[in-house]
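**Q** Pasting a predicted model and its sequence here:
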Amino acid sequence: MNDTSIVPASPPAAPPPVRRAWLARLGDWLNAPRLLGVIAIMIALAAWLFSYRQAITLNDELAKRLAVFDTRSNESRVLASQAQETSRELLVKIGVLEQKLNESQNQQIALEALYQELARGRDEAAVAEIEQLLVSASHELQLAGNVKAALIALQTADARLARLDRPQLFPLRKAITRDIERLRAAPYVDVPGLTLKLDNLIELADTLPLTPGKPVIEQKLADKKMPAATWWQRFAREAWGDFTHLVRVQDMGKPQLPLLPPDQAYFVRENVKLRLLSARLSLLAHDDTSYKADLQAAQTWMRQYYDDKDRAVKVALAVLQQLSTSQIRVNVPDITGSLNAVHRIKLAPNR
């Protein structure tokens with residue numbers, strides 16, 4: 001075994017004198033207060049640098065935003081200019097529209113006035129028409145007693161008022177309705193039916209046969225047509241004819257009418273027709289006395305001068321008898337209520 005001897009480490013070399021002096025001065029300088037001041041300065045410098053960078057960043061951001069704001073401001077100015085132009089155009093259009101609105105309002109006022117005038121004129125025309133219908137119905141009742149014609153006129157007036165539907169005309173319609181009910185309850189005379197029967201008798205008066213027999217004028221014509229004879233033969237014939245006319249045998253229980261020549265037969269028929277025409281006029285006037293008197297006279301003439309054995313004559317006499325028993329005089333109601341109502345409506349605007 002080899003013995004190894006431990007050689008002690010040599011001490012470090014001493015720093016040079018210059019380095020040692022600098023370290024000593026540095027150590028003296030870096031005392032606690034100064035160190036704190038340096039650190040504070042470094043912190044302040046770092047804070048300034050951070051603030052500077054933030055300021056630069058903010059400045060850049062602000063510049064960008066200012067640029068955007070300028071751009072938007074320009075756009076806003078353009079939009080504002082366009083809005084002002086549009087506003088001016090709208091103001092012009094609004095002015096035109098206001099002018100047209102005023103014109104339309106004036107036209108509407110004029111149209112309303114015209115409509116009211118037309119409506120007033122139409123109502124007046126309708127009232128005048130209804131008044132004419134009522135006057136016609138009143139004439140039918142007073143002059144002819146024709147309840148049916150008057151009822152038709154009143155119903156026409158009521159339908160006209162129903163189409164108008166004016167509240168101010170309701171009293172008139174109420175009065176007309178009341179008169180219609182009164183006319184419906186009135187007795188009815190079939191004037192047209194009786195008139196037709198009289199017209200048929202007037203036509204038959206020219207065709208019904210008269211009392212049979214040979215007219216005297218025809219007998220004279222027959223004598224003239226006899227062959228010529230000597231004077232004494234004519235004298236003997238005329239003497240015999242006169243002698244045969246001196247004595248006549250007839251039934252006095254039924255007096256015989258003299259034979260009618262053709263010219264007198266014409267007047268008989270005309271007289272019968274005149275009596276029937278007079279009865280027709282009395283029927284229209286509802287004059288019961290004259291009506292029955294004319295029918296009685298027509299029956300008398302027909303029994304005297306017409307062949308009562310003929311069937312047509314018998315039928316005509318039966319019709320005359322039926323007509324003479326008909327009651328033509330009725331107490332027809334008046335329509336003064338409706339007439340007074342329409343007169344009040346006509347006078348209402350004046351009042």
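**A** Arrived safely.

**Q** Could you use CA atoms for every contact and neighbour count after this?
**A** Will do.

**Q** by contact count, what packs against the host helix or strand of residue 38?
**A** Using DSSP states H and E, residue 38 sits in helix 32-139. Here helix 32-139 touches helix 147-164, helix 336-347, going by 3 or more Cα pairs under 8 Å, 6 or more residues apart in numbering; DSSP states H and E.

**Q** One more pass at 7 Å, please.
**A** The contact analysis (3 or more Cα pairs under 7 Å, 6 or more residues apart in numbering; DSSP states H and E) places helix 32-139 against helix 147-164.

**Q** quick one: the helix it packs on to helix 336-347, angle?
**A** Computed by axes from the mean of the first three to the mean of the last three Cα atoms, to 10 degrees, the angle separating helix 147-164 from helix 336-347 equals 40 degrees.

**Q** next SSE after helix 147-164?
**A** Heading C-terminal from helix 147-164 (DSSP H and E), you reach helix 170-185.

**Q** Residue 85 versus residue 294, what's the distance?
**A** Noted for residue 294: a distance of 102 Å to residue 85, by Cα to Cα, to the nearest Å.

**Q** Tell me which of the two has more neighbours.
**A** residue 294 (21 against 12; other Cα atoms under 10 Å).

**Q** Three-state assignment for that one, please.
**A** At residue 294 the chain is in helix, as set by DSSP: H, G, I helix; E, B strand; the rest coil.

**Q** and the protein, what are its domains?
**A** In terms of domains, the chain is parsed into 118-187+335-347, 189-223+260-329 (source: automatic domain parsing).

**Q** Residue 232 is nearest to which of the ones you listed?
**A** Nearest to residue 232 among the domains of the chain is domain 189-223+260-329 (16.1 Å), distances taken as Cα to Cα.

**Q** quick one: the closest one to chain centroid distance?
**A** 52 Å (Cα atoms, centre = their mean, to the nearest Å).

**Q** between the helix holding residue 38 and helix 336-347, how big is the angle?
**A** Using the same axes, to 10 degrees: helix 32-139 against helix 336-347 is 130 degrees.

**Q** chain center to helix 32-139, what's the gap?
**A** For helix 32-139, the distance to the chain centre is 49 Å (Cα atoms, centre = their mean).
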